[in-house]
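# 3D model of this:
(4 chains)
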There are 2 protein chains.
Amino acid sequence: MIDGTRSRLIESALTLLREQGLEGVTLRAVGELAGLSRMAPYRHFADKKALLAAVAARVMTDIAAHIAAAVLPQSGQEERLRAFYRSYVEYAVEHPEEYRLVFSSMFVAGRHPEVEQAIDEIMSALSVDIAGGGRRDKAALAALLASAHGVAELVTVGDFAHKGIGADDIIDVMVSRAARP
Amino acid sequence: MIDGTRSRLIESALTLLREQGLEGVTLRAVGELAGLSRMAPYRHFADKKALLAAVAARVMTDIAAHIAAAVLPQSGQEERLRAFYRSYVEYAVEHPEEYRLVFSSMFVAGRHPEVEQAIDEIMSALSVDIAGGGRRDKAALAALLASAHGVAELVTVGDFAHKGIGADDIIDVMVSRAARP
DNA sequence: GGGATATGTGGACAGTGTCAACAACTATGC
DNA sequence: GCATAGTTGTTGACACTGTCCACATATCCC
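Have a look, this model is predicted:
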């Protein structure tokens, strides 16, 4: 805990994000929740975007842990695949605001190094856990990540559930296709 | 042209979105570009979100047209699939701000009816153009849309291109998997 | 100790979405 | 033909936001 105040600010922002959505995350509110003034964040982050990038990086490690906890206990490849999809979508459904922040921070050109590092860690972990570390399969890995992300967004949109088709149906399609040799 | 001012406001907002990104779309700027005052949009839209929803719906029809123009000339199923993926990703890459707006407006709970209708149109067109109108394949159609969206986001993020893997590589994986019987 | 540096604070400012009150134009009843 | 109601547009004002600035305090190095 070299810098306790900094992580306390991140935590405050994350709390606000969860309870009130992205609109509720204002620098004034973050400072107040952390027991500081409205300008306090500027002593630890360049601006609001930098704070949000730090929150996003923090959330990414949560997501990675959630996925790893679901995938690692599985033994077969198909079971691992399914566990990956399910846990990924599950997180997006249960924490939509956080998930959304993570991907909007990925989208921005000129990303924050903190985010960059978190992405790299997740990718290499995935590579080992799912694909077995094959080197030719970068495209397959990207396809996996893209599929999961796509399903997560479609499901959180909620429209498809409404039309009688759930996440598991789509995941079934994805898994049965990817699991074939 | 029952309501010229309304569509002129939408067009102004779209221009600002293209030229300056979402941050440049302020109600004052939209009004000014349309030759009106800052409060003019409120006579045609409930609030800023409603205006953005209308812009999103407008963009969705553009996307649908772009995709249809690429897919319909193809004859084989695999060619149609590939054309779909490519044109979809292409639009996202060439018009990232618009694409982003469209999906953020889909994400919001309690969507605008205008957006809702545009989504329905796209889905049924897709169903006919790609899947041949099969009724059992709702899940496959959703998987297709999810995959394309996922690839588009990963590619616009730009990170994977940087790591020596392009959109076409991922699309190849998707198509070869989906095209099998 | 004393100076430099890091951390925290309140004042002020421009920009934003939005509410309210008012003006002008349009159409509709008689 | 004209008053009335409704639509469309404008300006004034307000609360809120991110951020710049100048100032206080605390901490560390010599």
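# Can you name the helix or strand that A:Glu89 falls in?
Slight slip there: residue A:89 is Val, not Glu. Element membership for A:Val89 (DSSP states H and E) is helix A:77-94.
# And the contacts of that helix?
For helix A:77-94, contacts defined as C-beta atoms under 8 Å, 6 or more residues apart in numbering or on different chains pick out A:62-63, A:66-67, A:69-71, A:73-74, A:99, A:126, A:129-130, A:144, A:147-149, A:151-153, A:155-156, A:167-168, A:171, A:174-175, A:178-179. From N, CA and C alone the C-beta is placed, and that goes for glycine too.
# Any quick PyMOL command for the buried ones out of these?
The PyMOL selection below is limited to those of the contacts of helix A:77-94 classed as buried (16 or more other C-beta atoms under 10 Å in any protein chain shown):
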select buried, chain A and resi 63+66+67+70+71+99+126+129+130+144+147+148+149+151+152+153+155+156+167+168+171+174+175+178
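# Select from the contacts of helix A:77-94 every entry located in helices.
A:62-63, A:66-67, A:69-71, A:99, A:126, A:129, A:144, A:147-149, A:151-153, A:155-156, A:167-168, A:171, A:174-175, A:178-179 (DSSP state H).
# if we look at chain B, which of the residues you listed are close to it?
A:147-149, A:151, A:153, A:156, A:174, A:178 (C-beta under 8 Å from any C-beta of the partner chain).
# What is the nearest of the residues you listed to DNA strand C?
A:Thr156 (23.2 Å; C-beta to the nearest atom of the strand).
# any idea of the pLDDT on the residue lying farthest from the centre of chain A?
When distances are taken from the C-alpha mean of chain A, A:Ser37 lies farthest, 29.4 Å away, according to C-alpha atoms, centre = their mean. Looking at A:Ser37, its pLDDT reads 94.
# gap between stretch A:173-181 and the chain center?
Relative to the chain's own centre, stretch A:173-181 is displaced by 23 Å; criterion: C-alpha atoms, centre = their mean, to the nearest Å.
# before we move on, what about stretch A:53-66?
6 Å.
# sorry, back to before: could I have the CA atoms of the helix holding A:Val89 written out in PDB?
Extracted as PDB, the C-alpha positions of helix A:77-94 are listed here (Å, rounded to 0.1, in the frame of the first residue of the first chain):
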ATOM      1  CA  GLN A  77     -11.500 -28.400 -23.700                       C
ATOM      2  CA  GLU A  78     -15.200 -28.100 -24.400                       C
ATOM      3  CA  GLU A  79     -16.000 -27.600 -20.700                       C
ATOM      4  CA  ARG A  80     -13.400 -24.900 -20.500                       C
ATOM      5  CA  LEU A  81     -14.700 -23.100 -23.500                       C
ATOM      6  CA  ARG A  82     -18.200 -23.200 -22.100                       C
ATOM      7  CA  ALA A  83     -17.100 -22.100 -18.700                       C
ATOM      8  CA  PHE A  84     -15.200 -19.200 -20.300                       C
ATOM      9  CA  TYR A  85     -18.200 -18.000 -22.300                       C
ATOM     10  CA  ARG A  86     -20.600 -18.400 -19.400                       C
ATOM     11  CA  SER A  87     -18.400 -16.600 -16.800                       C
ATOM     12  CA  TYR A  88     -17.600 -13.800 -19.200                       C
ATOM     13  CA  VAL A  89     -21.200 -13.100 -20.000                       C
ATOM     14  CA  GLU A  90     -22.200 -13.600 -16.400                       C
ATOM     15  CA  TYR A  91     -19.900 -10.800 -15.300                       C
ATOM     16  CA  ALA A  92     -21.200  -8.500 -18.000                       C
ATOM     17  CA  VAL A  93     -24.800  -9.200 -17.000                       C
ATOM     18  CA  GLU A  94     -24.200  -8.800 -13.200                       C
END
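# Mind listing what's buried along that helix?
By neighbour count on 16+ other C-beta under 10 Å, the buried set for helix A:77-94 is A:80-92.
# Make JSON lines from those residues and add pLDDT to it.
Shown next, in JSON lines, are the buried residues of helix A:77-94 (pLDDT from 0 to 100):
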{"residue": "A:Arg80", "pLDDT": "88"}
{"residue": "A:Leu81", "pLDDT": "90"}
{"residue": "A:Arg82", "pLDDT": "94"}
{"residue": "A:Ala83", "pLDDT": "93"}
{"residue": "A:Phe84", "pLDDT": "92"}
{"residue": "A:Tyr85", "pLDDT": "95"}
{"residue": "A:Arg86", "pLDDT": "96"}
{"residue": "A:Ser87", "pLDDT": "95"}
{"residue": "A:Tyr88", "pLDDT": "94"}
{"residue": "A:Val89", "pLDDT": "95"}
{"residue": "A:Glu90", "pLDDT": "96"}
{"residue": "A:Tyr91", "pLDDT": "95"}
{"residue": "A:Ala92", "pLDDT": "94"}
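# Having no further points to raise, I will conclude here.
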